[in-house]
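Trainee: Prediction below, plus the sequence it came from.
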Amino acid sequence: MSVPFYETEYDDTYEKSVYEEFGQEVAIVLTQGSQFNRTVKQILLEKVEKAQAEREALIDTCDHEHESVTQAASVLEPIYNELRSYDSIPLDKQEFGALDAYRTRLQTMKDKCEQAAAARQATINHHRTEYNLSVEIPDICTYLYKTFETDYPVLFLCSELTRKIKNYRHQVEHAMSTCP
């Protein structure tokens, strides 16, 4: 709590922080100068061990989350970059074979997006089951991405890319249907 950004970042007092971290009985003893005896010390040590284990689990979860996002990025970034080039393709001037190749490539990209989304959803589900969270309790994504427009930015990107792929595929198939 002695770091310069503590108050700005957490906006609480020592008393509130101790209460939130260790509970009312320990907070009263630590903040109101009551007798600090062997029993209170044991309770505090148990709560410190529990807090440490929870933080270690959170670090493991964050590491797993980082791996999952990195894996998704390795699949989605090339798709995103490739789709950007589709705006400059004059589909109405392409031959049927080229259009068919575009359609096949778009299907491959769509499949990869869907696989990335499924893998990402599996990670999110794993987080929920690992911590035994009910649907009413925010999950790790809600916690980590609360400043983003969506709590699930990777899934959002998967759906946006899939939507664009479907749109391009529709354009390609339309061009195929009018191809001489």
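Mentor: Cool, the structure landed.

Trainee: how about low-confidence regions in this structure?
Mentor: For the chain, applying pLDDT under 70 flags the ranges 1, 34, 132-137.

Trainee: Tell me which residues of stretch 74-84 come out buried.
Mentor: For stretch 74-84, a neighbour-count test (16 or more other C-beta atoms under 10 Å) marks V75, L76, I79, Y80, L83 as buried. For the C-beta atoms, the positions are set from N, CA and C on the backbone; glycine is no exception.

Trainee: Distance from stretch 22-38 to the middle of the chain?
Mentor: Mean C-alpha position of stretch 22-38 versus that of the full chain (C-alpha atoms, centre = their mean, to the nearest Å) differs by 38 Å.

Trainee: contacting residues around it?
Mentor: Applying C-beta atoms under 8 Å, 6 or more residues apart in numbering, the external contacts of stretch 22-38 come out as Y14, E15, V18, Y19, V40, I43, L44, K47, V48, A51.

Trainee: circling back: want to throw the buried residues of stretch 74-84 into CSV with distance to E130?
Mentor: As requested, the buried residues of stretch 74-84 are exported to CSV (distance: C-beta to C-beta, whole Å):
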residue, distance to E130
V75, 24
L76, 24
I79, 29
Y80, 30
L83, 34
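
Trainee: Name the nearest of the residues you listed relative to S2.
Mentor: S2 has its nearest neighbour among the buried residues of stretch 74-84 in L76, at 41.5 Å by C-beta to C-beta.

Trainee: My guess is that closest one contacts M109. True?
Mentor: No - L76 is beyond contact range of M109, at 9.7 Å (criterion: C-beta atoms under 8 Å).

Trainee: shared neighbours, these two?
Mentor: The contact sets of L76 and M109 overlap at L161 (C-beta under 8 Å, 6+ apart).

Trainee: Looking at the protein, which helix is longest?
Mentor: In terms of residue count, the longest helix belonging to the chain (DSSP state H) is helix 38-86.

Trainee: quick one: what helix or strand has the closest residue to E114 other than its chain neighbours in it?
Mentor: Counting by C-beta to C-beta, 6 or more residues apart in numbering, T162 is the residue found nearest to E114 once chain neighbours are left out, at 6.9 Å. In this assignment (DSSP states H and E), T162 forms part of helix 153-177.
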